[in-house]
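Peer 1: Please find the sequence and the predicted model below.
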Amino acid sequence: MNNKYKKLAASIVLDAIGFIPVPFLDLLWAPVSGYIMTKMYKGKTGKIAGIVSFLEEILPLDIIPTFTIMWIYTYVINKKKEDSIIEV
């Protein structure tokens, strides 16, 4: 299995963990989620995604699949931007 599809599978699992409605679990999961996001996606984009993931988990917004959205951004949207750049 390609590394990017391993990240997709991990993203789906991590989003599913974030959807679990257990009181106070979000307080523990939010910083872990942010940390994992910064390790999965490097650089400035990963840091911003880590902050967004932390905020999404700490606030009552647990319906947003942050990890999967970041995967789509990285491997679909950002890839299209790279493919459209014409080298001179």
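Peer 2: Yep, it's here. Residues are numbered from 1 along each chain as shown.
Peer 1: Spatially central, which residue of this protein would that be?
Peer 2: residue 67 (2.4 Å; CA atoms, centre = their mean).
Peer 1: can you tell me which residues contact residue 73?
Peer 2: residue 45 (CB atoms under 8 Å, 6 or more residues apart in numbering). Yep, even glycine has a C-beta here, placed from its N, CA and C like the rest.
Peer 1: Where does the prediction get shaky in this structure?
Peer 2: Applying pLDDT under 70 to the chain flags the ranges 1, 61, 80-88.
Peer 1: Which strands and helices lie in contact with whichever strand or helix holds the residue nearest to the centre of the chain?
Peer 2: Assessed by DSSP states H and E, residue 67 sits inside helix 66-72. Applying 3 or more CB pairs under 8 Å, 6 or more residues apart in numbering; DSSP states H and E, we find helix 66-72 packed against helix 3-19, helix 25-40, helix 43-58.
Peer 1: Now the last one: buried residues?
Peer 2: So that's helix 43-58. With burial defined by 16 or more other CB atoms under 10 Å, the residues of helix 43-58 counted as buried are 46, 49-50, 52-54, 56-58.
Peer 1: Need the contact partners of it.
Peer 2: 18, 26-27, 29-31, 33-41, 61-62, 64, 66-67, 70, 73-74.
Peer 1: Buried subset of those residues as a ChimeraX selection?
Peer 2: Here is the ChimeraX command that selects the buried residues among the contacts of helix 43-58 (16+ other CB under 10 Å):
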select :18,26,29,30,33,34,36,37,38,40,41,62,64,66,67,70,74
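Peer 1: Test my guess that residue 63 contacts residue 15.
Peer 2: No. Using CB atoms under 8 Å, residue 63 is not in contact with residue 15; the gap is 9.9 Å.
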